[in-house]
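# Predicted structure and sequence below. I'll ask about it afterward.
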Amino acid sequence: MAEDIFEPLVRCTGFDWDDANAPKLRERHEVSQSECEQVSLAEPLLVAWDERHSQLEERWAALGRTFEGQRLLVVFTVRGERIHPVSARDMSRRERLRYAEAEAEDGA
């Protein structure tokens, strides 16, 4: 079972980008490195363990907003004290509804 991710996230000091991921995110999903990084600062930030894709290392899926308000899902791992984005895309309709509910709760 996965650990609580928020404690390791608080200890993170930056992002770990490899040469393949950043261009792939831009080409496939039109998401920049900066936009992925902005999601980590979103409030609320919803994070769930991605059990299905966690065979080699624990993966997490985060729902959040960029500074411009774009709603993204970012899949990542934590490697030491760095966040390693694996994938990112616009939220699906179901994810947008879930995130809107969290925003409403957060604002209450």
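All right, it came through fine. Numbers count the residues shown, from 1 in each chain.
# tell me the contacts of L9?
Taking C-beta atoms under 8 Å, 6 or more residues apart in numbering as the criterion, L9 is in contact with S40, V47, V78, I83. (C-beta placed from N, C-alpha, C; glycine too.)
# from those, which single one is nearest E30?
For these, the residue nearest E30 by C-beta to C-beta is S40; the value is 19.0 Å.
# So, low pLDDT: which residues of this protein?
Judged by pLDDT under 70, the chain has its weakly predicted residues at 1-3, 108.
# go with 50
Using pLDDT under 50 as the threshold, the predicted model of the chain has low-confidence ranges 1.
# So in it, which helix runs the longest?
Ranked by residue count, the top helix of the chain under DSSP state H comes out as helix 93-107.
# So which elements touch it?
For helix 93-107, the contact count by 3 or more C-beta pairs under 8 Å, 6 or more residues apart in numbering; DSSP states H and E identifies strand 46-49, strand 60-65, strand 71-79 as packing neighbours.
# circling back to that earlier point, distance to Y99 and neighbour count added to the contacts of L9, as TSV?
Compiled in TSV, the contacts of L9 are given as follows (distance: C-beta to C-beta, whole Å; neighbours: other C-beta atoms under 10 Å):
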residue	distance to Y99	neighbour count
S40	15	17
V47	12	18
V78	22	19
I83	19	22
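# rewinding a little: tell me which of the helices and strands packed on helix 93-107 lies nearest to H29.
Taking C-beta to C-beta as the criterion, strand 71-79 is the member of the helices and strands packed on helix 93-107 that comes nearest to H29, at 8.7 Å.
# what comes up buried for that closest one?
Counting neighbours by 16 or more other C-beta atoms under 10 Å, one finds that the buried residues in strand 71-79 are R71, L72, L73, V74, V75, F76, T77, V78.
# If you count neighbours, what's buried in the longest helix of the chain?
Under 16+ other C-beta under 10 Å, the buried positions of helix 93-107 are E95, Y99, A102, E103.
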